[in-house]
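Student: Structure for the following, please:
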Amino acid sequence: MNRLRFLIGFAFACILFMAPAAQANDKPVGLWVQEFKQEARNLGISEALLEETFEHFEPNPRIITLDRKQPEGTITFTKYLSNVVTPQRIKEGQRLYMENRDLLEKIGKKYGVQPRFIVALWGIETSYGKVTGNFNVPHALATLAYDGRRADFFRAELLKSLQIIEAGHIRFHQMKGSWAGAMGQSQFMPSSFLNFAVDENGDGRKDIWNTKADIFGSIANYLKTNGWNDALTWGRPVRLPADFKRELADIKTFRPLNEWRAMGVRQIDGRALPPRDISAAVMYPGKPEEGAYLIYQNFPVILHWNRSRYFATAVGMLADRIYGQ
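Tutor: Numbers count the residues shown, from 1 in each chain. Below you'll find the predicted structure:
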């Protein structure tokens, strides 16, 4: 009886999972496509590419489900960090750093970005290029643009994805990425691609899918363009004094490092903070009992990439582990 109940429940769950989500757009798909095509034509997108894009297009219910899915619970920072900065990811990052050292150091010097941060972002975003997503990006973006939730944003990204194809950087059927349209080994949205992707190897294409020089260069260019300073690191875990006032932990409140030293903030091993003439802020990525971090001006640059404090801290911690710190 228990097995029968399980099978019935499993079958019902599968039906719910496979059922198309209700569309927020009551306009027929064909009419929406025709209107979009006209807008794209006005922006110089060729008829051939539009036909290729929409010849077999239907909104993907799996993408709509993923977009509307609400998280069932909030993972703690400690758990997140243990899931992301794993011994395996550290070891592989170290190996790939050494394997690509000459290229990484050349790019790091050109853009003023320490190579370990390039590798860390590459590792966390796509497990060093192994998990990049297998959705056709224009179809994923068209689904989200048609569905109605954040339609304007995804419509603009869809247009940009077609501009990228039109420019010859990638072919339509090769433009793969996540269900939300993040592409390649750096997981750039089309707008980020147009703003930050680079043709590092000089072959006339910005290939963030397969070409390491372009992948590393694009990551470095993103960081540098948004204010990265290679004279600084990202931050560090710290030990706070017993009388530290929690309200002082504010990601937007940067103070001279000497002020934090005077308050009794110390490195995690108990040593004094380095005597540098720079500014820093104290923050808790998660709950205060999960630890405090002193962050420098590069940390907001990582937040520009991804607004999650969990993510930004994990990038810094992985970069340090890859570098052997």
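Student: can we go C-alpha only for contacts and neighbour counts from here?
Tutor: OK.
Student: Show me which residues of the helix or strand that contains Ile63 are buried.
Tutor: With the criterion set as DSSP states H and E, the secondary-structure element containing Ile63 is helix 61-68. Of all the residues in helix 61-68, those buried under the rule 16 or more other CA atoms under 10 Å are 61-65.
Student: so where's this structure shaky on pLDDT?
Tutor: Counting by pLDDT under 70, the ranges of the chain that qualify are 1-24, 70-73.
Student: if we go to 90?
Tutor: Applying pLDDT under 90 to the chain picks out residues 1-27, 56, 68-74, 147-149, 275, 324-325.
Student: ok, so what distance separates the closest residue to Ile295 other than its chain neighbours from Arg116?
Tutor: What sits nearest to Ile295 in space, not counting adjacent residues and going by CA to CA, 6 or more residues apart in numbering, is Gly235, at 4.0 Å. Gly235 sits 14 Å away from Arg116 when distances are taken as CA to CA, to the nearest Å.
Student: now do Ser178
Tutor: Ser178 is 25 Å from Arg116, where distance means CA to CA.
Student: Comparing these two, which residue is more hemmed in?
Tutor: Each of Ser178 and Arg116 had its neighbours counted (other CA atoms under 10 Å), and the higher figure belongs to Arg116 (24 against 21).
Student: so that one sits right up against Ala319, yeah?
Tutor: Yes. Assessed by CA atoms under 8 Å, Arg116 is found in contact with Ala319 at 5.0 Å.
Student: thinking again about what came up before, elements contacting the helix holding Ile63?
Tutor: Using 3 or more CA pairs under 8 Å, 6 or more residues apart in numbering; DSSP states H and E as the contact test, the elements touching helix 61-68 are helix 137-147.
Student: now do 10 Å
Tutor: Secondary-structure packing of helix 61-68 (3 or more CA pairs under 10 Å, 6 or more residues apart in numbering; DSSP states H and E): helix 2-18, helix 137-147.
Student: same for the helix or strand just after that helix, what does it pack against?
Tutor: Scanning forward in sequence from helix 61-68 by DSSP H and E, the next helix or strand is helix 77-84. With contacts taken as 3+ CA pairs under 10 Å, 6+ apart, helix 77-84 sits against helix 309-322.
Student: Just give me how far the helix it packs on sits from the chain centre.
Tutor: A distance of 13 Å separates the C-alpha centroid of helix 309-322 from that of its chain, computed with CA atoms, centre = their mean, to the nearest Å.
Student: Noted, bye for now.
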